[in-house]
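# This is a predicted model, with the sequence first.
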Amino acid sequence: QVQLVESGGGLVQAGGSLRLSCAASGRTFSHNCMGWFRRAPGKEREFVAAISWSGGTYYADSVKGRFTMSRDNAKNTVYLQMNSLKPEDTAVYYCAARAWAGGLASREYDYDYWGQGTQVTVSS
């Protein structure tokens, strides 16, 4: 059974940093695009970042220059380093993985596996 488990969320002041992790089990995703999405209170889930099997990345404009996504294929884990956090970054953050090898993707329906999410709260 495939599982994606996020960790690293929490409460941080504006301007601070957090590092999210997503550990996959049940199969390897070393050849697959993986992504981060988030859902803020009262809003729909939105794309944050994606990383290809080779380490290429793509970011939403709202986080570009502040967030960095990386992966460790040996650990079957991806990370999201979040710096200069803003109150508007407050959301539940979800890790996602594509079932098939392919390019970077930013749409929810491109992803086949999802984690349960981790809460990030940024206070002003």
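Received, thanks. Numbering: from 1, shown residues only.

# Quick check: the nearest residue in space to C33 that is not next to it in sequence vs D112, distance?
Among residues not flanking C33 along the chain, R98 sits closest, at 4.8 Å (CB to CB, 6 or more residues apart in numbering). Where you see a C-beta, it was placed from the backbone N, CA and C, and this is true even at glycine. From R98 over to D112 the distance is 6 Å, taken as CB to CB, to the nearest Å.

# Those two: which has the busier surroundings?
Higher neighbour count among R98 and D112: R98, with 22 against 12, using other CB atoms under 10 Å.

# Do I have it right that A99 meets D110?
No. Using CB atoms under 8 Å, A99 is not in contact with D110; the gap is 9.9 Å.

# The two: who's more crowded?
D110 (18 against 13).

# Per-residue pLDDT of that one, please?
The score at D110 is 94. That number is its pLDDT.

# coming back round to it: give the contact list for the residue nearest to C33.
29, 32-34, 105, 110-112 (CB atoms under 8 Å, 6 or more residues apart in numbering).

# Name only those of these that count as buried.
29, 32-34, 105, 110-111 (16 or more other CB atoms under 10 Å).

# Tell me which of the residues you listed fall in strands.
Here DSSP state E is the test, and the buried ones among the contacts of R98 give M34 as lying in strands.

# nearest to A14, of the buried ones among the contacts of R98?
M34 (27.7 Å; CB to CB).

# So V63 is in contact with A49, correct?
Yes. Contact criterion CB under 8 Å: V63 and A49 qualify, at 6.7 Å.

# how about the helices of this protein, start to end?
Counting by DSSP state H, the chain forms no helices at all.

# ok, which stretches of it are strands?
Going by DSSP E, the chain shows strands at 3-7, 10-13, 18-25, 34-39, 46-51, 57-59, 67-72, 77-82, 91-97, 113-114, 118-123.

# Tell me which strands the fourth one pairs with, and in which orientation.
Read that as strand 34-39. strand 46-51 (antiparallel), strand 91-97 (antiparallel) (DSSP bridges).
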